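**Student:** Turn this into a structure:
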Amino acid sequence: MSPRVKIVLGQGIGLILAILLLWLPLSRSQPFMPLNTALITAFLPVGLVVLAMVGVVALRRRFDPGVIAGGALRPGSRGEIDQRALSNTVEQLVVALALWPFVALTLGGLVVIWMGVGLALARLVYWLGYHLSPLVKSVGFGAGFYPTVLATLWALVKWAT
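**Tutor:** Below you'll find the model as predicted:
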């Protein structure tokens, strides 16, 4: 199977996981939850993943004599791969920070809590997949990115109507 096919397949699996992740909380009635409580709870899991990623990249820098003084990580090295996964995770977190408050306000706090747990797990799969296979990496990307896209679209439609 070519890398392109693996990536498309992984994205498809990620989309299915995203739909399941959103369907579970949206298919049940939700208890009232203050917005700040929901958002703090939602961002905690992915914050812990970012903390782990920063720690691993820092450790890799510490034990590489060419990098410890501020040099760049070697292209293709495990440290550089971890750095790319961290950068992409921070990008996803910025998107979440911008959109999830609207989603929580419109669809309910429980939705973003599920999304937070899902994003944390998806980012771990993405990180691992970066080291293992384009298919695994692609599943992790899709499972983390698509819930934000779908929930935001759903919230916009609900808000507009």
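
**Student:** does the residue of the chain positioned farthest from its centre sit in a helix, a strand or a coil?
**Tutor:** The C-alpha centroid of the chain is most remote from residue 65, which lies 31.4 Å away (Cα atoms, centre = their mean). Three-state call for residue 65 (DSSP: H, G, I helix; E, B strand; the rest coil): coil.

**Student:** Tell me the predicted confidence for it.
**Tutor:** Per-residue pLDDT puts residue 65 at 70.

**Student:** same thing with residue 69?
**Tutor:** pLDDT for residue 69: 67.

**Student:** Next, count neighbours for residue 116.
**Tutor:** 23 (other Cβ atoms under 10 Å). C-beta: built from backbone N, CA, C; applies to glycine.

**Student:** counting contacts, what elements does the helix or strand harbouring residue 92 pack onto?
**Tutor:** Assigning secondary structure by DSSP states H and E places residue 92 in helix 78-107. Based on contacts counted as 3 or more Cβ pairs under 8 Å, 6 or more residues apart in numbering; DSSP states H and E, the elements that helix 78-107 packs against are helix 35-62, helix 109-132, helix 134-160.

**Student:** Report the inter-axis angle for that helix versus helix 35-62.
**Tutor:** Counting by axes from the mean of the first three to the mean of the last three Cα atoms, to 10 degrees, helix 78-107 lies at 180 degrees to helix 35-62.
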